[in-house]
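Enquirer: Let's see this in three dimensions:
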Amino acid sequence: MADISAAEAPRLQKALRRLLGSPELTVQLPPRKGMSVEIAVAGEVVGTVYRDEDEGEVSYAINMTVLEEDLPPA
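Expert: Numbering: from 1, shown residues only. I've put the predicted structure just below:
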């Protein structure tokens, strides 16, 4: 896994906003190297994103957490 650069973050944010239909989604770079890059919606962190580079091809993996308490009633 490689770090997401400051130049990549806005491009990734734009793509995720379009793909997930959320204009309030933000990609937040960590304050220190080695920490997770976070994805937030309306200021609430909902997951992390990781960059992978294999044979010159770059991909991004998202780990999103949804708490049971945030689900609507059954």
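
Enquirer: can you map out the helices along this structure?
Expert: Taking DSSP state H, the helices of the chain run over residues 8-20.

Enquirer: tell me the contacts of residue 62?
Expert: Contacts for residue 62 (C-beta atoms under 8 Å, 6 or more residues apart in numbering) come out as 16, 39, 47-50. Glycine gets a C-beta too; all of them are placed from N, C-alpha and C.

Enquirer: Most neighbours of all those, which one?
Expert: For these, the largest number of neighbours (other C-beta atoms under 10 Å) sits with residue 39, at 22 neighbours.

Enquirer: wait, what's in contact with it?
Expert: 16, 25-28, 45-49, 62, 64.

Enquirer: and residue 16, how far is that from residue 42?
Expert: As judged by C-beta to C-beta, to the nearest Å, residue 16 and residue 42 stand 14 Å apart.

Enquirer: about what we covered before: now, which of the contacts of residue 62 sits nearest residue 4?
Expert: residue 49 (6.9 Å; C-beta to C-beta).

Enquirer: Report the beta-bridge partners for the closest one.
Expert: residue 37, residue 62 (DSSP bridges).

Enquirer: wait, doesn't it sit right on residue 27?
Expert: Yes. Under the criterion of C-beta atoms under 8 Å, residue 49 makes contact with residue 27 at 6.6 Å.

Enquirer: if I look at these two, which residues touch both of them?
Expert: With C-beta under 8 Å, 6+ apart, residue 49 and residue 27 have common neighbours 4, 12, 37-39.

Enquirer: the strands in the chain, which residues?
Expert: For the chain, the strands defined by DSSP state E occupy 25-28, 37-41, 44-54, 57-64.
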